[in-house]
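*Asks:* Sharing a model that was predicted from the sequence below.
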Amino acid sequence: MLELPERALEIRDQVNDFFQRRILPNHSLWLEQAAAGQAQPEIEQTLRAEAKALGLWNMALPRLADDEPGLRLSNLEFTGVAEVLGRLEWASRVFNCHAPDVPNMELLQLFASDAQKQRWLYPLLEGDIGSAFAMTEPYEASSDPSNLTTRIHREGDQYVINGRKWFASNASHANCELLVVVGVTDPEASRSKRQSLVLVPRNTPGVEMVRDLPVFDHRSPTNTHPEFTLTDVRVPIANLLGEQGAGFAIGQARLGPARLHHCMRAIGECEVLISLMVLRSQERSTFGKRIDEYSSTQAAISFSRIELDQCRLLVQQAAHLLDTMGNKAARKQISMIKVAVANSYQNIADRAIQLYGARGVTNDTPAARAFAKARAFRIYDGPDEVHLQTIARLEAGEQELGQMVHYLSER
Ligand SMILES: Cc1cc2nc3c(=O)[nH]c(=O)nc-3n(C[C@H](O)[C@H](O)[C@H](O)COP(=O)(O)OP(=O)(O)OC[C@H]3O[C@@H](n4cnc5c(N)ncnc54)[C@H](O)[C@@H]3O)c2cc1C
């Protein structure tokens, strides 16, 4: 692992201390309250107030202005903190470092007008409201955004929106007040200039939630993925985010940091899974041998460690590139970590399930849920294949050693 700057280590240690003292001992209570239907479990609210009072807040936003609350950690500095937060599904929310609000705040920081910032960004930074990003559509292959059909057309000083979205994470959550909707403003424009982003208040007439989608049979009021329709939804033209027709480019700016943060958190969760594998295999025996003495167990643990440390270094490299060169320059590395981490996460969760035997498929350990999340992660934020396509395309333009073939040939 690369050594992080002193300040980043101090903040990571403070977050870790808070995690051990306040979050972990309250995990059962959080689960109970979530199971009872609380979308924002009371204990989560209590801990959010405590973390905010300690200043451990908004750590995933490197571009905070002087008057905006939070710690100004770079992406690289945040990697250590994010690993701690990744150990439990709800820990990021305690520190206002959770998706989809963080990437939506980044978008607003970059492209919102002053009035839009007042209305949406500042309440999000304070943790008073939630938001959702609604791009994917059920009837179109949405990994290619130029396929989107949701129509945004202008009538006087309003935009009128019609369409159907799904998997807009958090859109049906009790705290969600803002939908960032991607739709077509000009169907005649080139494929990358058709879309725009519009800020839609969640309670606007014409927005109808249809259903909350399960992910591998899992639903939770704290983490929703709804399908919803927009029927003649009207918003002022001042709700356009950035320029008309710039939706594709703006959406790309959001996805770099979003993917990076998901990867960082997954690494933290994988560390938990490796620890569980080691402990479990030390405490049980079969056929006169402890399970950790079998070479297959050693391989499962060792390959997990190798993959995870490779992933961490790749993620740190991507974070550093994003900090120093920006989103566009880090594009290949972001796609690389997205593929590498999602697949290693799935492999490690799979090995943990296997080592736990039947218990591995229950929810007595985090392994089964991790496996389901990892499998979904291979699709959201761009499916594996789309990232592999990006990597191959960029790689093709970067080759410098091709002319060596003339020297290497034996003829
Ligand atoms: C848990 C979860 C949360 C999500 N959260 C959000 C959210 O907050 N907001 C939002 O807008 N969306 C969200 N999504 C949706 C997600 O971003 C999309 O599912 C994803 O972009 C893929 O789009 P699609 O489902 O339409 O698949 P499609 O585009 O139909 O692709 C299906 C499959 O086709 C193959 N394929 C596609 N392109 C290529 C290619 N170039 N080369 C080879 N094969 C290819 C791949 O196997 C791919 O998985 C979420 C999804 C999940 C599962």
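*Replies:* Sure, I can see it.

*Asks:* how many neighbours does the closest residue to residue 182 other than its chain neighbours have?
*Replies:* Nearest residue to residue 182 in three dimensions, chain neighbours excluded: residue 135, at 4.3 Å (Cβ to Cβ, 6 or more residues apart in numbering). Quick note: C-beta positions are derived from backbone N, CA and C, even for glycine. Counted with other Cβ atoms under 10 Å, residues neighbouring residue 135 total 21.

*Asks:* What of residue 22?
*Replies:* Around residue 22 there are 16 other residues, counting by other Cβ under 10 Å.

*Asks:* Flag every residue of the protein that's near the ligand.
*Replies:* 100, 133-136, 141-143, 167-169, 215, 225, 376, 379-380, 382-383, 385-386, 389 (Cβ under 6 Å from any ligand atom).

*Asks:* what pLDDT does the residue nearest to residue 182 get?
*Replies:* Per-residue confidence (pLDDT) for residue 135: 97.

*Asks:* Repeat that for residue 408.
*Replies:* On pLDDT, residue 408 comes in at 83.

*Asks:* What residue spans form the domains of this structure?
*Replies:* Here the domain parsing of the chain from automatic domain parsing is 6-97, 130-241, 248-396.

*Asks:* which stretches of this protein have low pLDDT?
*Replies:* Within the chain, the segments meeting pLDDT under 70 span 1, 411.

*Asks:* longest single strand anywhere in it?
*Replies:* If you go by DSSP state E, the chain has its longest strand at strand 226-236.

*Asks:* Show me the contact partners of whatever helix or strand comes next after that strand.
*Replies:* Sequence-wise, the next helix or strand downstream of strand 226-236 (DSSP states H and E) is strand 240-241. Here strand 240-241 makes contact (Cβ atoms under 8 Å, 6 or more residues apart in numbering) with 107, 108, 111, 112, 116, 159, 180, 196, 197, 198, 199, 250.

*Asks:* In the longest strand of the chain, which residues are buried?
*Replies:* 226, 227, 228, 229, 230, 233, 235 (16 or more other Cβ atoms under 10 Å).

*Asks:* Determine the set of other helices and strands touching that strand.
*Replies:* With contacts taken as 3 or more Cβ pairs under 8 Å, 6 or more residues apart in numbering; DSSP states H and E, strand 226-236 sits against strand 158-166, strand 195-201, strand 207-212.

*Asks:* relative to strand 158-166, how tilted is it?
*Replies:* Calculated by axes from the mean of the first three to the mean of the last three Cα atoms, to 10 degrees, strand 226-236 forms an angle of 170 degrees with strand 158-166.

*Asks:* partners of strand 226-236 in the sheet?
*Replies:* Paired strands of strand 226-236, with direction, are strand 158-166 (antiparallel), strand 207-212 (antiparallel) (DSSP bridges).

*Asks:* Would you check that residue 259 makes contact with residue 381?
*Replies:* Yes: the pair residue 259 and residue 381 qualifies as a contact (Cβ atoms under 8 Å) at a distance of 4.8 Å.

*Asks:* No more questions from me, cheers.
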